[in-house]
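Student: sequence and computational prediction follow.
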Amino acid sequence: MSNKLYYSNPFIKTWETNIKEVTELNNQYIIQLEETAFYPEGGGQPADTGTINGIHILEVQEKDGVIYHTVDELPEEDLLICEIDWQRRFEHMQHHTGQHLLSAACIELYDAHTVSFHLGVDTVTIDLDVQHLSKEQLDHIEHQTNLYIYENRPVKTYTVGKDDLSKLPLRKTPQVDEDIRIVEIDGIDTSACCGTHVESTGQIGILKILKTEKHKGGIRLYFKCGIRALGDYNATHQVLMSAGAKLNANRDTLLARLEQIEVDQKQLQKQLNETKEKLFSSLATQLIKEKNDHLIVQSFDEYHMKDLQLITKMIISQTKCIAVFSSKSEKRLLLAQSGEFSLDCGALFKEHLKHFDGKGGGSKVQAQAMFDSDGKLVEFREFIVHHLHMR
């Protein structure tokens with residue numbers, strides 16, 4: 001068994017120790033220390049990182065009560081100086097205790113029970129056994145959790161046996177039955193937990209619920225605590241300030257400014273569509289006049305596929321024809337026919353498109369394709385035109 005300093009003193013950052021045992025595996029060294037404060041991965045909490053005599057630890061795992069530290073090189077000195085990546089550890093402690101508070105508040109307010117917990121590098125989540133929580137309910141949960149933080153209630157950890165479990169108001173029955181570690185937040189929550197925690201709720205700092213999403217019949221709730229919550233606020237604040245500066249608005253007026261821009265954009269888009277319809281109607285009339293034996297072939301430099309489809313629709317509504325249109329800007333090709341021809345556009349593309357490194361498909365009356373290069377677009381267009389002439 002390893003002497004686990006992260007339980008007896010979770011705030012220890014550096015310590016001295018000696019190597020107890022070393023195993024070499026795949027050009028790496030797996031070290032057992034006489035004492036360790038490096039927390040191993042488990043209980044929803046990632047492993048600690050840090051150094052042993054300046055050598056970075058790659059992995060920390062526990063098996064049968066023994067803590068194993070994986071490194072790329074073996075320390076030369078007998079006396080080892082170990083140092084934890086403290087910001088990472090403290091963030092984990094803030095979030096793990098914060099999760100206990102959050103889960104307790106979810107049960108207390110809405111009987112929503114936590115079924116799993118994940119503490120990642122960028123995201124922290126709990127999965128709840130309810131199908132929905134409204135914005136008002138989430139605000140209520142967040143507010144109550146932060147009240148518990150501000151009350152700075154003590155957080156105690158201790159170990160009990162199986163016979164003592166019935167005396168504790170546990171949130172969830174543990175799966176182990178001996179040396180059961182308990183984390184108790186005074187008057188709020190009592191849970192079996194093997195993770196590292198802060199000494200009082202005030203050390204969590206703050207908890208912010210970010211969002212929820214549906215997950216396996218329940219909901220997944222995303223949140224951040226303490227240092228990470230402050231970092232998230234700073235990033236959001238910077239985006240808000242930059243957006244406000246560009247739009248000549250502050251936090252109070254930015255939303256209204258964006259809504260006005262959206263209204264203006266819709267009006268401009270409406271005017272653009274009306275102008276396009278007039279332009280494309282005139283263009284369609286011109287292309288109909290220039291068609292060659294029911295075939296219309298045209299390449300456009302700037303028009304997009306939606307534009308080509310609109311032009312095609314206008315032409316086909318006026319005359320029987322086959323249209324081969326290409327968009328140089330998007331490297332796309334459109335083949336369409338008015339319905340009176342035996343040509344199957346989709347089948348033709350399916351049979352030949354792969355030989356030109358293109359992607360696409362369609363129906364009997366219309367198909368489209370995209371290409372990685374202008375050259376392949378031109379080659380396929382010429383192939384299609386030649387094929388149509390040979391029909």
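Tutor: Structure received.
Student: roughly how far apart are Ala256 and Gln267?
Tutor: To Gln267, Ala256 is 17 Å away according to CB to CB, to the nearest Å. Quick note: C-beta positions are derived from backbone N, CA and C, even for glycine.
Student: ok, Gly205 - how many residues close by?
Tutor: Using other CB atoms under 10 Å, Gly205 has 17 other residues around it.
Student: distance of it from Arg228?
Tutor: Gly205 is 9 Å from Arg228, by CB to CB.
Student: identify the contacts common to those two.
Tutor: Residues within reach of Gly205 and of Arg228 at once, by CB atoms under 8 Å, 6 or more residues apart in numbering, are Gln94.
Student: kindly state the pLDDT recorded for the closest residue to Val121 other than its chain neighbours?
Tutor: Distances taken as CB to CB, 6 or more residues apart in numbering place Pro46 nearest to Val121, at 7.7 Å, with adjacent residues excluded. You'll see Pro46 listed with a pLDDT of 94.
Student: would you list the phi and psi of Pro46?
Tutor: Main-chain torsions, Pro46, degrees, to the nearest 10: phi -70, psi 160.
Student: got it, and Leu377?
Tutor: phi -60, psi -50.
Student: ok, now the one 10 residues further on?
Tutor: For His387, the backbone dihedrals are phi -60, psi -40 (criterion: degrees, to the nearest 10).
Student: run a quick neighbour tally on it.
Tutor: A total of 12 residues lie near His387 under the criterion other CB under 10 Å.
Student: how close does it get to Lys364?
Tutor: With the distance defined as CB to CB, His387 ends up 16 Å from Lys364.
Student: go on, Glu290?
Tutor: 25 Å.
Student: quick one: the helices in the stretch 1-150 of the chain?
Tutor: Along the stretch 1-150 of the chain, counting by DSSP state H, counting those that start in this stretch, helices occupy 5-8, 86-110, 135-150.
Student: sorry, back to before: compare Glu290 and Lys364 (neighbour count), which wins?
Tutor: The neighbour comparison of Glu290 against Lys364 (other CB under 10 Å) goes to Lys364, with 15 against 9.
Student: against which helices or strands is the helix or strand bottoming out on mean pLDDT in the chain packed?
Tutor: Lowest mean confidence among the helices and strands of the chain (mean pLDDT, DSSP states H and E): strand 3-4, at a mean of 92. Judged by 3 or more CB pairs under 8 Å, 6 or more residues apart in numbering; DSSP states H and E, strand 3-4 is in contact with strand 35-36.
Student: distance from the strand it packs on to the middle of the chain?
Tutor: With CA atoms, centre = their mean, to the nearest Å as the basis, strand 35-36 stands 35 Å off its chain's centre.
Student: and if you look at stretch 279-293?
Tutor: Relative to its chain's centre, stretch 279-293 lies at 48 Å (CA atoms, centre = their mean).
Student: what does it rub up against?
Tutor: For stretch 279-293, contacts defined as CB under 8 Å, 6+ apart pick out Ile296, Gln298, Asp307, Leu310, Ile311, Met314, Ile315, Gln318, Thr319, Cys321.
Student: host element of the second one?
Tutor: Secondary structure assigned from DSSP states H and E places Gln298 in strand 295-300.
Student: for that strand, what is the average pLDDT?
Tutor: Per-residue pLDDT over strand 295-300 has a mean of 96.
Student: stretch 329-343 now?
Tutor: In this model, stretch 329-343 carries a mean pLDDT of 95.
Student: in it, what counts as buried?
Tutor: By 16 or more other CB atoms under 10 Å, the buried positions in stretch 329-343 come out as Glu330, Lys331, Arg332, Leu333, Leu334, Leu335, Ala336, Gln337, Ser338, Phe341, Leu343.
Student: what's the first-to-last distance across it?
Tutor: 27 Å (CA to CA, to the nearest Å).
Student: again with stretch 285-296
Tutor: End-to-end distance for stretch 285-296: 12 Å, by CA to CA.
Student: got the buried residues for that stretch?
Tutor: Across stretch 285-296, burial judged by 16+ other CB under 10 Å covers Leu287, Lys291, Ile296.
Student: same check on stretch 126-139?
Tutor: For stretch 126-139, by 16+ other CB under 10 Å, it's Ile126, Asp127, Leu128, Leu133, Leu138.
Student: in strands only, show me the residues you listed.
Tutor: Judged by DSSP state E, these include Ile126, Asp127, Leu128 as members of strands.
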